[in-house]
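S.K.: prediction below, plus the sequence it came from.
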Amino acid sequence: EDEWDHAGGAAQCSDRCSEAEHELEAEHAQALAGSKARAEYVERARALKHDERYQGIDGGPDDVFLAVAAEGCLGFDDSDYKYDVCPFERVTQRGKAHKFSLGTKGTWSSSLWEDGSQHKDYGMLIMGGGEYCDAMKARRQ
């Protein structure tokens, strides 16, 4: 007799179907919430496209980045510097003694495809034209 065999030779498997079902439901709820949030951004962007502040700006697919810009600046503090990113407007870096412009406006990055055409990369907004940096001997961006 095997001291570890409490099922008489049969493998004991717990029923995890309800656990898997709950996980699927949670994934579905998250996907639904994401779709709803995107639809709200698209709706806000549709109204903002005609706003004078955003005339001539490529707001990305369905202009959703206009809705992001309308929410205001985003901040980041890495303990050495504080950064303010205001999409399609400006990016600044603040240290203890100085504040620098890292860039303004913004254009979307692009990549060259095999057929020789350029395609915009809406994952990277390049905000250049910042102040000159002596240490780098180049403009900040």
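M.R.: Here it is on my side, so go on.

S.K.: list the contacts of the residue nearest to the spatial centre of the chain.
M.R.: When CA atoms, centre = their mean is applied to the chain, the residue found nearest the centroid is residue 123 (7.4 Å). When contacts are counted by CB atoms under 8 Å, 6 or more residues apart in numbering, residue 123 is found next to residue 109. The C-beta positions use only the backbone N, C-alpha and C, and glycine is treated the same way.

S.K.: so what's the predicted local confidence for it?
M.R.: As predicted, residue 123 sits at a pLDDT of 92.

S.K.: ramachandran coordinates for it?
M.R.: Per-residue torsions, residue 123: phi -100, psi -10 (degrees, to the nearest 10).

S.K.: what's the separation between it and residue 111?
M.R.: Counting by CB to CB, to the nearest Å, the gap from residue 123 to residue 111 is 10 Å.

S.K.: can you give me the helices in the protein?
M.R.: 17-48, 64-70 (DSSP state H).

S.K.: among these, which is nearest residue 81?
M.R.: Among the helices of the chain, helix 64-70 comes nearest to residue 81, with 22.3 Å by CB to CB.

S.K.: list the contacts of that closest one.
M.R.: 38, 41-42, 44-45, 48-49, 51, 54, 57, 59, 86-89, 122, 125.

S.K.: for it, C-alpha coordinates in PDB please.
M.R.: What follows is helix 64-70, C-alpha atoms only, in PDB (Å, rounded to 0.1, in the frame of the first residue of the first chain):
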ATOM      1  CA  VAL A  64      -7.400  60.400 -30.200                       C
ATOM      2  CA  PHE A  65      -4.200  62.200 -29.200                       C
ATOM      3  CA  LEU A  66      -6.100  65.500 -29.300                       C
ATOM      4  CA  ALA A  67      -8.200  64.200 -26.500                       C
ATOM      5  CA  VAL A  68      -5.000  63.300 -24.600                       C
ATOM      6  CA  ALA A  69      -3.600  66.800 -25.200                       C
ATOM      7  CA  ALA A  70      -6.800  68.500 -24.000                       C
END
